[in-house]
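**Q** The sequence and its predicted three-dimensional model are supplied below.
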Amino acid sequence: MNIQIAPINQRENDYGYIIHEEMLQFGTLTNIQVGRQSYLLVGVKKEQITLENIRFLGGEIRKEIQKIAAYKEAEISFEAFTAQFPIIEQEAFVTAFIEGWHLGGYAFLTYKKKTEKKAVQLKIKESTFTEAIEIGEKKANSVSIARDLCNEPANQLTPAQYGVKLQEIFKDTAVQVEIIETDQLVSRGFEPTAIVGAGSQYAPKVAILTLKNAEAKHIALIGKGVTFDSGGTNVKTGSDIGEMKMDMGGSAAVVGAMKLLADLNVPVHVTAIVPMATNIAGKSAFLPSDVLTYRNGVTVEIGNTDAEGRLLLADGLTYAQEIGAEVLIDIATLTGTIGQALGLKTAGIFSNVEASLWAYKVLGDQTGDYVWPMPITADYQTYIDSDTADVNNMSKSPFGGAITAAVFLQNFVEEGKKWIHIDMANTVRPWKVEGYYVQGAAGFGVRLLTEIVQSESK
């Protein structure tokens, strides 16, 4: 059964249907029947419109149509919609709508007994938007990959299984995948990652993803890949730590971004470093007071084993500089305090080039991966001083935890290197299930990282 998707912005209409004013408001959806034809009337009355509004619209329309089992096909005229929003380029509108349409239909059903997913074919009346549609589909696919990784249970996404999935994801792409095995970590300079993951039966590994299809500035993406975090010896005491299966959300964002960059054939030179470990207590687990030594000679005293994410990021940062990366971008579900500062919709973004932060905020607004500029307060270095080593991985202060984590990481950034740090602990899940967001992981960071990489490659 077919349903036509049609925009409305005034009460006069060709459907012989009484249109109330509230039906005209942007995003209001109304099912009507005219003869034997079904219509979904879409309110489009709104003074200001953004691409994220369009993505949300695509997602809400998909969800509404999926509620009715009889609908197998939905038909839309993009020109009818874009005529309502002349401020937005037609291709950009189409891409955003397609993103929302596909992401709104996302479902993680891998472990459900009933796995049938309602399929609705979107039929587009025009034949002129092929490229815009393909771009939207590729963006949605890459975000879906990140969602899939985050939604996997911990026993199905161990470091070893993660490595296998990476090989599958990047098969037949220009991305080269190298998995550094557990017995090679120390000799390759990744001793801190080896130590963080030593308490688990699931041995740690490091993935190196390389995409070089242009002579461009060498950019490194570093994603925290903690496949489960119980806190280690400093065990977490929360009522539901099942959420910690998503502690690899930063690495999922990096993987999704690499997939998108490859699929769009963006001319870049990017190396992604994903240290993968499970942080649990065990007979070989690292302990508070242990001292780790990094490849750049910096020593770290362990003040708390539940601050393991920054230890992995530091390992990735130092390796990235060793191989010559000029721009360093790390992303992680790092601190709960970023959520206390910014809530659950907006991640924190830091940089040693503070002037760039507002440009990244604009990219976040455009992609829907919202970020807010945060300071790196150098004076807070005193909070992570150590009597035993160069620095401690835990702050002495209960305040400003997201900032002191960034200050810690800056100890591993060489002078002259541009460094960007994203703390997304508060955004790994959607703050509200609406628009193109569904239950489970949000897929945060994929599109933002892709845009930052492109902007920094110029």
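**A** Structure received.

**Q** what is the mean pLDDT for the longest strand seen in the chain?
**A** Counting residues, the longest strand found in the chain (DSSP state E) is strand 269-280. The pLDDT scores in strand 269-280 average 98.

**Q** Contacts for the following helix or strand past that strand, please.
**A** Going down the chain from strand 269-280, the next helix or strand is strand 291-293, by DSSP states H and E. Strand 291-293 has contacts (CB atoms under 8 Å, 6 or more residues apart in numbering) with Glu191, Pro192, Ile195, Phe286, Thr299, Val300, Glu301, Ile302, Leu311, Thr388, Ala389. C-beta coordinates here come from the backbone N, C-alpha and C atoms, glycine included.

**Q** Roughly how far does the second one sit from Ser77?
**A** Right, the one you point to is Pro192. 56 Å (CB to CB, to the nearest Å).

**Q** check contacts around the nearest residue to Ile323 once chain neighbours are set aside.
**A** Using CB to CB, 6 or more residues apart in numbering and skipping residues adjacent in sequence, the residue nearest Ile323 is Thr271, 6.4 Å away. Taking CB under 8 Å, 6+ apart, we find Thr271 in contact with Ile208, Leu209, Thr210, Leu211, His218, Ile219, Ala220, Leu221, Ala320, Ile323, Ala325.

**Q** And His102, by the same measure?
**A** Arg62, Gly136, Glu137, Ala140, Asn141, Ser144.

**Q** what do you get for Lys63?
**A** Neighbouring residues of Lys63 by CB under 8 Å, 6+ apart: Gly104, Gly105.

**Q** From the chain's centroid, how far away is the helix or strand where it lies?
**A** Taking DSSP H and E as the criterion, Lys63 maps to helix 51-66. Centre-to-centre, helix 51-66 and its host chain are 20 Å apart (CA atoms, centre = their mean, to the nearest Å).

**Q** Could I get the buried residue list for whatever helix or strand comes next after that helix?
**A** Next along the chain after helix 51-66, taking DSSP H and E as the criterion, comes strand 73-76. Residues of strand 73-76 classed as buried: Ala74, Glu75, Ile76 (neighbour count, 16 or more other CB atoms under 10 Å).

**Q** Can I get those residues in JSON lines including pLDDT and distance to Val353?
**A** Shown next, in JSON lines, are the buried residues of strand 73-76 (pLDDT from 0 to 100; distance: CB to CB, whole Å):
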{"residue": "Ala74", "pLDDT": "96", "distance to Val353": "45"}
{"residue": "Glu75", "pLDDT": "97", "distance to Val353": "48"}
{"residue": "Ile76", "pLDDT": "97", "distance to Val353": "43"}
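
**Q** Give the other helices and strands that the helix-or-strand element of the chain with minimal mean pLDDT contacts.
**A** The weakest-scoring helix or strand in the chain, judged by mean pLDDT, DSSP states H and E, is strand 29-34 (a mean of 92). For strand 29-34, the packing partners by 3 or more CB pairs under 8 Å, 6 or more residues apart in numbering; DSSP states H and E come out as strand 37-43, helix 51-66.

**Q** how about the strands in the stretch 201-350 of the chain?
**A** For the stretch 201-350 of the chain, applying DSSP state E, counting those that start in this stretch gives strands covering 205-212, 218-223, 225-232, 269-280, 291-293, 299-301, 327-332, 347-351.

**Q** Which one, of the ones you listed, ends up nearest to Thr115?
**A** Ranking the strands of the stretch 201-350 of the chain by proximity to Thr115 (CB to CB) places strand 225-232 first, at 23.7 Å.

**Q** contacting residues around the closest one?
**A** 154, 157-159, 162, 196, 199, 202, 207, 236, 241, 244-245, 247-248, 250-251, 274-281, 285-286, 305-306, 308-309, 312.

**Q** cool, stretch 431-438 as well?
**A** Where contact means CB under 8 Å, 6+ apart, the residues beyond stretch 431-438 that reach it are 55-60, 62, 99-101, 103-104, 106-107, 343-345, 430, 439.

**Q** Please enumerate the helices of the protein.
**A** Assigned by DSSP state H, the chain shows helices spanning 51-66, 78-82, 90-104, 130-151, 159-169, 191-196, 249-263, 309-322, 337-342, 357-367, 401-410, 446-457.

**Q** still on that earlier bit, comparing Pro192 and Ser77, which shows the higher neighbour count?
**A** Under the criterion of other CB atoms under 10 Å, the comparison of Pro192 against Ser77 puts Pro192 first, with 27 against 15.

**Q** hang on, that one packs against Gly316?
**A** No. At 9.9 Å, Pro192 does not count as touching Gly316 under the criterion of CB atoms under 8 Å.

**Q** show me the contacts for the closest residue in space to Leu287 that isn't next to it in sequence.
**A** Spatial nearest neighbour of Leu287, chain neighbours left out: Thr233 (5.5 Å); criterion: CB to CB, 6+ apart. Applying CB under 8 Å, 6+ apart to Thr233 gives the contacts Gly199, Ala281, Ala285, Phe286, Leu287, Pro288, Thr305.
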